[in-house]
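K.L.:
Pasting the sequence and the predicted model now:
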Amino acid sequence: MKKKCTWLHLAFLLLVLSSCSSVYKPVRVTTMMLTEPREVHASGSTSPSGNDMQIAFAPLKYVGVYGNINRFSPDNIEKPPEERTFHNSKEAGLGFWYVFNNNIHVEVSGGYGTGAGQMRPASLQTGISNNASTYFYDYERFQYSAQLSGFYEKIVLNAGVSYVQKNFDLSFHLRYTEGRYENLRAFAVYDITGEREELPEWTGPVTQSPFSYLDPTITLRGGYEAVKLILQAGLSRPYQEAPDFPSLLFFSGGVSINLKTGMLKQLIKNDP
C-alpha cells in the first residue's frame, strides 16, 4: 500500500509541476529521427501541456526540415473568452542528421516559432519573478486568483543523439529556447463573480522582456518499423532569470509514423 501511495504522490507531483506555467509552456521537443533521403517522420502526442503534431522530411541526404504545432485548451466551451485558459504555439526549422554504422544517430536543428497563452498560475507567489513581491498582497488571498496573458516569439536550437534499432530507439536531446514576450498582461480575477482587474504594475517592467530555457529530454520509441509508440520526458530550466514561471517538468505520450521510400516498394512487391 505504501508503494502504491508513493507512485500516486509522484504522479500528482509531476502533474502539478507540469501545470505551473503561465504564458509560455515548454512543449514536446522536436525529434526528426530521419535516416534516409525522402523519408517522412510524423507523430502526434498528448500531455498536460496540450496536444501536438510534428512532421519532419528529408529532402536531401543528411538534411531535414520540420514543423510542429501545439494546442492546449481545457474546459473552455462554456466560458467567455476573458475567462478561458489556453496555450498554442507553432514552430518550423531546418536541421542536419547522420547515422553511424553502429546505429548511433545524431542530429542538430534550428527553428523559429511563435505562441500565445492565457493561464491561471497557482497562487504560490510565482507569477512574474521580478515583481512577485506584490503578488496579491493587496487582495484577499483566497478570493482572487491570477491570470496572465500575452504573445511571444522564440528561436530554438536543438541537438540530439540516439541509439536506433528497427523496432526501438532511445534518444537524448538538449533544446535551447530564447524568446521575447509581446503584450504581456496580468489580471486579478475575483473567484466568486469572475470579474477581473488588470494589474499593469505587475508586468510593466517586463512587457518586452526576453526569456530563455534549457531543456534536456529523453525520448523512447518502440513498436513496428513504420508505427511506434512514443514517450518523452524533459526538464525545463531557465537559462536566465525568467519573467514568466516555467513548467519544471514536461512529458507526453503518443504515436509516431515513419514512411520510407523502400517500404512502398516492398508493399508493391509483396502484393499478390
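P.N.:
Ah, there it is. Residues are numbered from 1 along each chain as shown.

K.L.:
From now on I want contacts and neighbour counts done on CA atoms only, so please keep to that.
P.N.:
Noted.

K.L.:
Quick check: nearest residue in space to Glu36, chain neighbours excluded?
P.N.:
In space, Glu36 comes closest to Lys61 once its chain neighbours are excluded; the distance is 6.2 Å by Cα to Cα, 6 or more residues apart in numbering.

K.L.:
so the one you found sits right up against Pro37, yeah?
P.N.:
Yes. With contacts counted by Cα atoms under 8 Å, Lys61 reaches Pro37, the gap being 4.8 Å.

K.L.:
Quick check: buried residues in stretch 180-198?
P.N.:
Arg180, Tyr181, Glu182, Leu184, Arg185, Ala186, Phe187, Ala188, Val189, Tyr190, Arg196 (16 or more other Cα atoms under 10 Å).

K.L.:
now, among these, which is nearest to Ser236?
P.N.:
The closest of these to Ser236 turns out to be Arg180 (Cα to Cα; 16.8 Å).

K.L.:
roughly how far apart are the closest one and Leu94?
P.N.:
21 Å (Cα to Cα, to the nearest Å).

K.L.:
Check Leu157 too.
P.N.:
From Leu157 to Leu94 the distance is 10 Å (Cα to Cα).

K.L.:
how many neighbours does the residue nearest to Glu36 have?
P.N.:
Neighbourhood size, Lys61 [other Cα atoms under 10 Å]: 15.

K.L.:
In the protein, where is pLDDT below threshold?
P.N.:
1-22, 75-78, 82, 120-142, 144-146, 199-209, 240-247, 263-272 (pLDDT under 70).

K.L.:
ok so Gly194 is a strand residue?
P.N.:
No. Under DSSP: H, G, I helix; E, B strand; the rest coil, Gly194 falls outside any strand and is assigned coil.
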